[in-house]
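Participant: Need coordinates for the following:
(one chain, ligands or ions: 1)
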Amino acid sequence: MKVRDILLAKGANVYSVSPDNSLQDVVRVLMAHRIGAALVVDDDGITRGIITERDVLRECLDRADRLHEVPVRLAMTSDVVVGLLDDDIENAMALMTDHRIRHLPIMAEGRVAGLISIGDLVKACLDETAYENGFLREYIQGR
Ligand code: AMP
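Facilitator: Numbers count the residues shown, from 1 in each chain. Below is the predicted model:
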C-alpha cells in the first residue's frame, strides 16, 4: 500500500498557519480541526516549517501564560522532513520513526499534496493486515 492510498481516503486538506501567528492561534487551529500539526506557510505561499502540539507544549514550560505573545516562527521546525505520494507506507513509517516525528507532509510535483500522521499509517497497516487475514482464512477453508 502507498501513501497515495491513505490520502485518497482521508483527503488532501492541509491546515496551515502563518509564521507571524501566535502559539495561541496555533492551539485554536489544532483544537478546531482536531489535528496535531499545522504547516507554516508565509504570505507568498512558501512553506517555512511545521508546528506541532509538541512544540507548543515545549513553550508552555516557560511561557504558558504568554502563548499569545510567542510567534510561530520561534517555535516551529524549519527543516521539514517530507514524503512522496508513491512512498510505501512501510518507508513512510521508517522515516517517521527514524526522525522521531508523528507528522509527514507529502509532496507531489514540488507541491504539498497532503499530510499524514503516524495514526493514519497505523490504521492503514491494521486495515492491510485484516484484509490479508481474511484472504488467508478463506484460502485455508477452501472457499
Ligand atoms: P511530532 O512528534 O510530530 O509532534 O513532532 C515532534 C517534533 O518534530 C516537533 O518539534 C515538530 O516540530 C517536529 N516535526 C514534526 N513533524 C516534522 C516533519 N515532518 N519534519 C520536521 N520536523 C517535524
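Participant: which parts of this structure sit against the ligand?
Facilitator: Taking C-beta under 6 Å from any ligand atom as the contact definition, the chain meets the ligand at 36-37, 50-55, 77, 80-81, 101-105. No exception for glycine: its C-beta is placed from N, CA and C like everyone else's.
Participant: Cross the residues you listed against helices and list the overlap.
Facilitator: Members of the residues of the chain next to the ligand lying in helices (criterion: DSSP state H): 53-55.
Participant: now those residues: which count as buried?
Facilitator: Those of these that meet the buried threshold are 53, 55, by 16 or more other C-beta atoms under 10 Å.
Participant: Closest to Met96 out of the ones in helices among the residues of the chain next to the ligand?
Facilitator: Closest approach to Met96 among those (C-beta to C-beta): Arg54, at 13.2 Å.
Participant: Restricting to C-alpha, output the strand or helix carrying Glu128 in CSV.
Facilitator: Here Glu128 sits within helix 118-140, counting by DSSP states H and E. The C-alpha atoms that make up helix 118-140 are tabulated as CSV, following Å, rounded to 0.1, in the frame of the first residue of the first chain:
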residue,chain,number,x,y,z
ILE,A,118,1.6,8.2,12.4
GLY,A,119,-2.0,7.3,13.4
ASP,A,120,-3.0,7.3,9.7
LEU,A,121,-0.1,4.9,9.0
VAL,A,122,-1.0,2.6,11.9
LYS,A,123,-4.6,2.4,10.7
ALA,A,124,-3.5,1.6,7.1
CYS,A,125,-1.3,-1.2,8.4
LEU,A,126,-4.1,-2.6,10.5
ASP,A,127,-6.5,-2.5,7.6
GLU,A,128,-4.0,-4.2,5.3
THR,A,129,-3.4,-6.9,7.9
ALA,A,130,-7.1,-7.5,8.4
TYR,A,131,-7.6,-7.8,4.6
GLU,A,132,-4.7,-10.3,4.3
ASN,A,133,-6.0,-12.3,7.3
GLY,A,134,-9.5,-12.6,5.7
PHE,A,135,-7.9,-13.7,2.4
LEU,A,136,-5.8,-16.4,4.1
ARG,A,137,-8.7,-17.6,6.2
GLU,A,138,-10.8,-18.1,3.0
TYR,A,139,-7.9,-19.8,1.3
ILE,A,140,-7.3,-22.2,4.2
